[in-house]
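>>> coordinates only, no sequence provided:
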Ligand SMILES: Cc1cc2nc3c(=O)[nH]c(=O)nc-3n(C[C@H](O)[C@H](O)[C@H](O)COP(=O)(O)OP(=O)(O)OC[C@H]3O[C@@H](n4cnc5c(N)ncnc54)[C@H](O)[C@@H]3O)c2cc1C
């Protein structure tokens, strides 16, 4: 019987198990990973494969969590340039859009600007994304941009103002 003692025994070869195994092996630990079906065959196979930075947690003033997620996003993009790339997302802005009402940011805004009634002015979303860009020490992903859509492209006047945000996207295909 093989009695070799390993530093780490991981149960489950989803993205978390494989990620921990990769990180630990990279730090010189000896690792055993067990998977009862196939690597990445469970929840991880259904993911949209985006490196989120946790933008929605800014609404909860979770600055540390967001900073850690953004830092990690850069680490992942740097570690796997062959299977990851920036992906552009357009965030449409419209004056009538309403947001979650019971987040700390919502409560604060409703107190200071009661007339917004759970809506977010474009400038506030821009400030949030500026903070988000700033916190991440972004090196690979481009910054958020303001973009406008013209009538010629089929945009009604109410939806012309948009923001363009970048996330990391990856593929497990080689
Ligand atoms: C539709 C959808 C979209 C998503 N999009 C994103 C996204 O864009 N970005 C993002 O970061 N997250 C996303 N997520 C969340 C993300 O997919 C999950 O958080 C992540 O896949 C969980 O990984 P895991 O390794 O913890 O679990 P799993 O991928 O479920 O892996 C667990 C593994 O453990 C194995 N296992 C269980 N029990 C045992 C045992 N006793 N012995 C051996 N093996 C065992 C299973 O077979 C399985 O392979 C998304 C989730 C969904 C459903």
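Structure received. Note that the structure is a prediction, hence the values are computed from the model and not measured.

>>> residues touching the longest helix that the chain contains, excluding its own?
The longest helix of the chain (DSSP state H) is helix 63-79. Outside helix 63-79, the residues that touch it by Cβ atoms under 8 Å, 6 or more residues apart in numbering are 51-55, 57-58, 84, 86, 132, 135-141, 168, 170. Every C-beta, even on glycine, is put in place using the N, C-alpha and C of the backbone.

>>> mind doing that once more with 7 Å?
The contact list for helix 63-79 (Cβ atoms under 7 Å, 6 or more residues apart in numbering) reads 51-54, 57-58, 84, 135-140, 168.

>>> what mean pLDDT does that helix have?
Helix 63-79 shows a mean pLDDT of 91 in the predicted model.

>>> stretch 131-138 too?
The pLDDT scores in stretch 131-138 average 84.

>>> check contacts around the closest residue to the ligand within the chain.
With Cβ to the nearest ligand atom, the shortest gap between the chain and the ligand falls at residue 14, namely 2.1 Å. For residue 14, the contact set (Cβ under 7 Å, 6+ apart) comprises 40, 42, 43, 44.

>>> briefly note if the longest helix of the chain comes near the ligand.
No - interface with the ligand: helix 63-79 contributes nothing (Cβ under 6 Å from any ligand atom), its closest point being 9.2 Å away.

>>> same check on stretch 159-174?
No - if you take Cβ under 6 Å from any ligand atom as the test, stretch 159-174 misses the ligand, and the best it gets is 8.3 Å.

>>> which parts of the protein sit against the ligand?
Residues of the chain lying near the ligand (Cβ under 6 Å from any ligand atom): 11-17, 34-37, 41-44, 46-50, 52.

>>> just the buried residues of the residues you listed.
Among the residues of the chain next to the ligand, those buried by neighbour count (16 or more other Cβ atoms under 10 Å) are 12, 13, 14, 15, 17, 35, 44, 49.

>>> phi, psi of residue 33?
phi -120, psi 130 (degrees, to the nearest 10).

>>> so what's the residue most central in space within the chain up against?
By Cα atoms, centre = their mean, the chain has its centre lying nearest to residue 52, at 1.0 Å. By Cβ under 7 Å, 6+ apart, the contact list for residue 52 reads 69, 167.

>>> any idea how far it is from residue 11?
Distance of residue 52 to residue 11, computed by Cβ to Cβ, to the nearest Å: 25 Å.

>>> quick one: whatever helix or strand residue 24 lives in to helix 63-79, angle?
Using DSSP states H and E, residue 24 sits within helix 15-26. Using axes from the mean of the first three to the mean of the last three Cα atoms, to 10 degrees, the inter-axis angle of helix 15-26 relative to helix 63-79 is 70 degrees.

>>> ok, and what's touching helix 15-26?
Contacts for helix 15-26 (Cβ under 7 Å, 6+ apart): 8, 10, 31, 33, 39, 40, 44.
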